[in-house]
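Visitor: Build me a structure from this.
(chains A and B)
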Amino acid sequence: MTSSTQYAIETSGLSKRYGKHLAVDNLSLNVPKGSVFAYLGRNGAGKTTTIRILLDLLDRTSGEAKVLGMDCVRDALAIKSRIGYVAEAQKMYEWMKVDEIIWFCKGFYPTWDDALAAELKQKLELQGSKKVGEMSRGTQAKLALLLAMAYRPELLILDEPTAGLDVLVRREFLEGVIEIIQEEGRTVFFSSHIVHEVERVADWVGIIDNGRLIKCSTIDDLKAGVKRLVLSFDDQPESFASLPGVLQVEKSGRQAVITTEAFSEETLALARKLNPTDVAVQEMNLEDILVALLGGAEVA
Amino acid sequence: MDAFQVWKRLLWKEYREGRLVVLLAAAAPFVLFSLPTHHPPSAMFVVPGAVGVHLAIAFWGAGRGGGKRTGSEFAWTHLPTNPAVEWLASMVVPTIVIAAVGAWYGLMAEQDASGSASGFGYGMSFPLAGMLDLATTFTICYLISMVISNWAAYIFGVFRLVGGTLISVWDLNLIDTPDAVWTVMRTLAAAILGAFIYVVLLRKRSTAMRQGVSLAVVVLITFAPLIPEIPIRQAVSGWISGRQASDILSSYTLQSDDGSVNIHATKPYMQGKAYLVMRDYRLGITRKRRFPVCWVFKVQPDGRAYMAHAENSGVQIIEWNGIKDQVRTVVTMPVRGRFFGGIGWQCSVSPDGRYMALILKSMLHDDAADLWVLDLCNKSSKLVLPSVTTPGAGDSDSAHPKLAWPKGEVAVWTYSSGALAVNLKTLATRRIALDEEEDKR
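Guide: From the prediction side, this is the model:
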């Protein structure tokens, strides 16, 4: 195993059980430092549960979890002072004004950077005299981002931060995130269901389904491994079992579209052995890959 | 992390969230008690003021627990602060402030009243009552909003007021009783501990578990010590029939014939004890004592009080010498408790303090009364004149039998029986001639 200092988040055999339901099942996840890690999955797949365990907001049933090399339960306070967290529809004190909540949060972080907070406030176009409760959800999300960034955390955890926001606000928020990430070069652990937007930001991806981690790699590796083979036949074979890592097979007339998660030259050679009249390889975007990996079910 | 900075901010947040309610509650006594005319103060200002302040505090507490219930409290989820610190700042510190407001209200009420002719004169009882009442109201409403829902807490706040719990706490004589104070303080501590369990100890557990454990702990701490004392039948019938505010607490005051000694008796709802407070105004003595449920029926100028306590074997007559704080059982009368009270209820103690004459409801006729004589020294009782009053013969509630103590005898006069005398040694009865009767009058 690689040295723990290489990873911002490490879990090993992590499980969380609610009665008979296993929300997180034997999760072993390594998030490299400096990466922008997209944590994807259906609703109820276990994304938020994982994050709440990492933040010591929830007890784990078994397994280990480390954040920045520290145990997420024993060193919970130390971890919280070194990470930033933006949650879905984050609830802040609605009666506080922007400047008040900035002052309030500042007291909890020795590394708080007033200049950075002022810069972010300007960049995110936040008005200091405006009450939190009077702000739109999009502006509240921006404020949450400011509060999570102003003390220069080593790790930023974003749990569906753009859920419920309209397209324009979502784009604006994500652009803010991208800009900050580029400037700071920190680790970002990003859970979202807006897959095509995550694709613009992330370089690593972890896919969780029914509490189990089914894929964890760089986006480039993932895209290199998961591809569509479009095979044309005069006479279609009954089975494509000879091909490795088949996720989906769609037959249409003389054509068969095969999605494989184990694409390589060898896979291509095996496909040619099925005597197709034509072979084409299609690149897939992250959303299509996710749909294929999750069995074609709706991804949300 | 700088602990001072953290505390400064957490307390600032609490101040900003609660300042309006606390300032209004603290200012209320100023406004109420500085009005030019108010008499009697208790009727016009103390009660409405207490109700208003109580409701404000109850509603404030009831609106505070929502974020903690759902686990979305910003300070918990996002800030690097110990949940116990947040609990101290958001619950314990406000409780102390609210208790101080309650004490302040009570102090102002007490000072205001002591300057008037009808002053309460209860010393620190009023501030103590205010302190405990407001602090308990706040913590319980806060806990309910945290564990169940805000609406449940609002409803509880109103129920606590309307249901009469407030009345029992504010009853000055109840607060005089150490057990009652202990009960209220136990409730207060239970609410604070319940919140600690919910938001600190079990905060990472499932909501159902947190709710179950914290509520169970609160109920156990509050009620477990009372369980042996709760008369089950009364409790069950109370819940079924819906208890009235007046049932929560029964209390009454009895004075000696010369007014120098008075005894205030209180029996809180569902408690198997009665609390007695004796004040001897001549000697300036105040004495408090707890008794089994009893009915005080006679107070003597020398500080002795007589009370009846019903048991299976009969009615125990207990004597409490409040000045010496001595208790003794005088005698157990072979009658049922229900014969005490009702028609013809009369009691008189002989001038030498040796005998007591009691006219009780008759065991034979519902509308008649019997004369009993008790030897207080030799611990004996005797039914000497059954049906000394009879219905339809001129006796009525407004024409009670008259008792007197001629030498060596107790004399009784009723419309139906005329004048009779009972020899205290032989218990022989004789009719008193009219001229003799006139002489005695």
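
Visitor: Longest helix of the chain, counting residues only.
Guide: No chain was given, so I picked chain A. helix A:167-184 (DSSP state H).

Visitor: nope, chain B please
Guide: Per DSSP H, chain B has its longest helix at helix B:3-33.

Visitor: got a list of contacts for the helix or strand following the longest helix of chain A?
Guide: Next in sequence after helix A:167-184, counting helices and strands by DSSP states H and E, comes strand A:187-191. Defining contact as Cβ atoms under 8 Å, 6 or more residues apart in numbering or on different chains, one finds that strand A:187-191 is touched by A:8-9, A:31-40, A:47-48, A:51, A:154-160, A:177, A:181, A:198, A:201-202. (Each C-beta comes from the backbone N, C-alpha and C, glycine too.)

Visitor: Now do residue 71, the pLDDT please.
Guide: If you meant another chain, say so; for now it's chain A. We have a pLDDT of 94 for A:Asp71.

Visitor: that answer is for a different chain, and I need it for chain B
Guide: 73.

Visitor: if we can go back for a sec, now do the longest helix of chain A: which elements does it pack against?
Guide: helix A:114-123, helix A:137-149, helix A:195-201 (3 or more Cβ pairs under 8 Å, 6 or more residues apart in numbering or on different chains; DSSP states H and E).

Visitor: what about those, which gets the closest to chain B?
Guide: helix A:137-149 (7.3 Å; Cβ to the nearest Cβ).

Visitor: The closest residue in space to B:Ser260 that isn't next to it in sequence - how many residues pack around it?
Guide: Leaving aside its chain neighbours, B:Ser260 sits nearest to B:Arg282 (4.8 Å; criterion: Cβ to Cβ, 6 or more residues apart in numbering or on different chains). The local packing of B:Arg282 (other Cβ atoms under 10 Å in any protein chain shown) involves 11 other residues.

Visitor: Does B:Arg282 touch B:Gly259 like I think?
Guide: No - in this structure, B:Arg282 is not within contact of B:Gly259 by Cβ atoms under 8 Å, at 9.9 Å.

Visitor: now the angle from the helix or strand of chain A with the lowest mean pLDDT to strand A:187-191?
Guide: Within chain A, no helix or strand scores below helix A:167-184, which has a mean of 74 by mean pLDDT, DSSP states H and E. With axes from the mean of the first three to the mean of the last three Cα atoms, to 10 degrees applied, the angle from helix A:167-184 to strand A:187-191 works out at 160 degrees.

Visitor: and residue 82, what is it in contact with?
Guide: Looking at chain A here, since you left the chain open. A:Leu68, A:Pro153, A:Glu154, A:Leu155.

Visitor: other chain: chain B
Guide: With the criterion set at Cβ under 8 Å, 6+ apart, B:Asn82 makes contact with A:Leu77.

Visitor: can you tell me which of the contacts of A:Arg82 are up against chain B?
Guide: For chain B, no contacts are drawn from the contacts of A:Arg82 by Cβ under 8 Å from any Cβ of the partner chain.

Visitor: Now intersect the residues you listed with the strands, please.
Guide: Counting by DSSP state E, the part of these found in strands is A:Leu155.

Visitor: May I see the contacts of A:Arg82 organised as TSV, with neighbour count added?
Guide: Output for these, formatted as TSV (neighbours: other Cβ atoms under 10 Å in any protein chain shown):
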residue	neighbour count
A:Leu68	21
A:Pro153	22
A:Glu154	17
A:Leu155	21
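
Visitor: In the contacts of A:Arg82, find the pair that's most separated.
Guide: A:Leu68 and A:Pro153 (9.6 Å; Cβ to Cβ).

Visitor: pretty sure A:Lys227 contacts A:Thr260?
Guide: Yes - assessed by Cβ under 8 Å, A:Lys227 is found in contact with A:Thr260 at 6.5 Å.

Visitor: Give me the more crowded residue out of the two.
Guide: A:Thr260 (24 against 20).

Visitor: Let me see the contact set for the closest residue to that one other than its chain neighbours.
Guide: Leaving aside its sequence neighbours, A:Thr260 sits nearest to A:Gly245 (Cβ to Cβ, 6+ apart; 4.6 Å). With contact set as Cβ under 8 Å, 6+ apart, A:Gly245 has these partners: A:Gly225, A:Thr260, A:Glu261, A:Ala262, A:Phe263, A:Thr267.

Visitor: how much space between A:Gly245 and A:Gln255?
Guide: According to Cβ to Cβ, to the nearest Å, A:Gly245 and A:Gln255 sit 20 Å apart.

Visitor: Ok, A:Gly63 next?
Guide: 45 Å.

Visitor: Name the residues of chain A found near chain B, please.
Guide: Taking Cβ under 8 Å from any Cβ as the measure of proximity, chain A contacts chain B at A:18, A:55-59, A:77-81, A:85, A:87, A:90-93, A:95-96, A:103-105, A:107-110, A:147-148.

Visitor: Mind putting the contacts of A:Arg82 into JSON lines with pLDDT?
Guide: Output for the contacts of A:Arg82, formatted as JSON lines (pLDDT from 0 to 100):
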{"residue": "A:Leu68", "pLDDT": "93"}
{"residue": "A:Pro153", "pLDDT": "91"}
{"residue": "A:Glu154", "pLDDT": "90"}
{"residue": "A:Leu155", "pLDDT": "92"}
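
Visitor: B:Val22 - how many residues pack around it?
Guide: 20.

Visitor: can you pull the contacts of it?
Guide: Counting by Cβ under 8 Å, 6+ apart, B:Val22 has contacts B:Val97, B:Ile98, B:Val101.

Visitor: try B:Val218
Guide: Contacts of B:Val218 by Cβ under 8 Å, 6+ apart are B:Leu143, B:Ala190, B:Ala191, B:Leu193, B:Gly194.

Visitor: Among these, which are located in helices?
Guide: Using DSSP H, the contacts of B:Val218 in helices are B:Leu143, B:Ala190, B:Ala191, B:Leu193, B:Gly194.

Visitor: Those residues into JSON lines, with extra columns for pLDDT, distance to A:Lys251 and neighbour count?
Guide: Converted to JSON lines, the ones in helices among the contacts of B:Val218 look like this (pLDDT from 0 to 100; distance: Cβ to Cβ, whole Å; neighbours: other Cβ atoms under 10 Å in any protein chain shown):
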{"residue": "B:Leu143", "pLDDT": "92", "distance to A:Lys251": "63", "neighbour count": "27"}
{"residue": "B:Ala190", "pLDDT": "91", "distance to A:Lys251": "69", "neighbour count": "23"}
{"residue": "B:Ala191", "pLDDT": "91", "distance to A:Lys251": "67", "neighbour count": "28"}
{"residue": "B:Leu193", "pLDDT": "93", "distance to A:Lys251": "67", "neighbour count": "17"}
{"residue": "B:Gly194", "pLDDT": "92", "distance to A:Lys251": "63", "neighbour count": "27"}
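
Visitor: I'd like those residues as JSON lines, with distance to B:Thr286 appended.
Guide: Shown next, in JSON lines, are these (distance: Cβ to Cβ, whole Å):
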{"residue": "B:Leu143", "distance to B:Thr286": "36"}
{"residue": "B:Ala190", "distance to B:Thr286": "30"}
{"residue": "B:Ala191", "distance to B:Thr286": "31"}
{"residue": "B:Leu193", "distance to B:Thr286": "34"}
{"residue": "B:Gly194", "distance to B:Thr286": "36"}
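
Visitor: before we move on, what SS does the residue in the stretch 151-300 of chain B that chain A sits nearest to have?
Guide: At 4.2 Å from chain A, B:Lys204 is the closest residue in the stretch 151-300 of chain B, using Cβ to the nearest Cβ. When classified by DSSP: H, G, I helix; E, B strand; the rest coil, B:Lys204 comes out as coil.

Visitor: Fine by me, thanks again.
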